[in-house]
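> have a look at this fold, sequence not included:
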């Protein structure tokens, strides 16, 4: 039986955008994407076991990568998901404002 495996395969999961005014540190771009990057062990070319997980704010405009902790990622994730919904026109601006109030993020 032949067993094919490798490691070092990475996946990026873009959660959604975050505005500069919502961040606790200064950046130049108006928006950054909240991103989870995972490195995997693969068996038969199927990602099987994550071997490393990193969290970032990434700016598409200028390529800035700002690594953050898991707790910071968890803090910003609901807001990024909500921002993605409004950017994708899945919810109205009024519904966005109401849901944002419920997040207690301000």
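Yep, it's here. As the structure is a prediction and not an experimental result, all values here were calculated from the model. Numbering: from 1, shown residues only.
> surely residue 84 is within a helix?
Yes: using DSSP: H, G, I helix; E, B strand; the rest coil, the assignment for residue 84 is a helix.
> tell me what the closest residue to it other than its chain neighbours is bridged to.
Of all residues not flanking residue 84 in the chain, residue 16 sits nearest, at 3.2 Å (C-beta to C-beta, 6 or more residues apart in numbering). In short, each C-beta sits where N, CA and C put it, glycine included. Per DSSP bridges, the residues bridged to residue 16 are residue 34.
> burial measure for residue 16, as a count.
21 (other C-beta atoms under 10 Å).
> quick check: it vs residue 47, distance?
22 Å (C-beta to C-beta, to the nearest Å).
> also residue 73?
20 Å.
> which of those two has more neighbours?
residue 73 (19 against 14).
> let me see the contact set for the more buried one.
34, 36, 55 (C-beta atoms under 8 Å, 6 or more residues apart in numbering).
> that one belongs to a helix?
Yes: counting by three-state DSSP, residue 73 is located in a helix.
> what's the pLDDT at it?
At residue 73, the predicted lDDT confidence score is 95.
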